[in-house]
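Student: next input, structure requested:
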Amino acid sequence: MTDQNQQDQVPDTNEPFDPDDSSVGTATKEIIQEKPADRKPGLLPPFKVLLHNDEVNDVEHVIKTITLLTTLSPEEATHRTLEAHFSGVALLLVTHKERAELYQEQFASASLTVTIEPDSA
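Tutor: Below is the predicted model of the structure:
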């Protein structure tokens with residue numbers, strides 16, 4: 001086979017792609033027809049991140065940890081800490097499941113009890 005014949009077999013990448021071209025295989029046509037833009041992205045289901053009261057950690061440690069790990073202000077962290085202290089549990093934030101799981105692990109590494117649950121609201 002000559003170099004000229006090999007060049008003839010390589011498609012010209014400057015030409016627009018035609019999915020109706022007979023040289024295009026069935027599998028390729030199916031992939032092309034199922035464009036990612038045709039599918040609408042779904043929202044991830046929300047999850048609550050709940051702080052639980054314990055008798056081990058002092059209030060200052062809890063507030064510092066909340067402000068370190070979340071975007072809550074010191075005032076908001078104080079409010080949530082006191083809510084958990086007096087009622088047993090406080091809602092810290094709502095986010096998607098993967099991030100909620102990450103928060104749960106990060107709080108556990110700081111010796112704080114945080115659970116997650118689906119947000120039904």
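
Student: OK, contacts around residue 51?
Tutor: Taking CB atoms under 8 Å, 6 or more residues apart in numbering, we find residue 51 in contact with 62, 66, 80-81, 84, 89-92, 107, 112-114. For every residue, glycine as well, the C-beta is placed using N, CA and C.

Student: hmm, try it at 10 Å
Tutor: Contact criterion CB atoms under 10 Å, 6 or more residues apart in numbering gives 62, 65-66, 77, 80-81, 83-85, 88-93, 103, 107, 112-115 as the residues in contact with residue 51.

Student: PyMOL command for the buried members of the residues you listed?
Tutor: Here is the PyMOL command that selects the buried residues among those (16 or more other CB atoms under 10 Å):
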select buried, resi 62+65+66+77+80+81+83+84+90+92+93+103+107+112+113+114
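
Student: now, the contacts of residue 51 that are in helices?
Tutor: In helices, judged by DSSP state H, the following of those are found: 62, 65, 66, 77, 80, 81, 83, 84, 85, 103, 107.

Student: show the pLDDT at residue 64.
Tutor: Here the pLDDT value assigned to residue 64 is 98.

Student: can you tell me how far residue 73 is from residue 67?
Tutor: Remark: distance between residue 73 and residue 67 (CB to CB, to the nearest Å) = 7 Å.

Student: same deal with residue 51?
Tutor: On the measure of CB to CB, residue 51 and residue 67 end up 13 Å apart.

Student: which residues do the two both contact?
Tutor: Listed contacts common to residue 51 and residue 67 are residue 77; contacts here mean CB under 10 Å, 6+ apart.

Student: domain-wise, how is the chain divided?
Tutor: 3-38, 46-118 (automatic domain parsing).

Student: how long is the last one from one end to the other?
Tutor: I take that to be domain 46-118. Domain 46-118 has an end-to-end distance of 6 Å (CA to CA, to the nearest Å).
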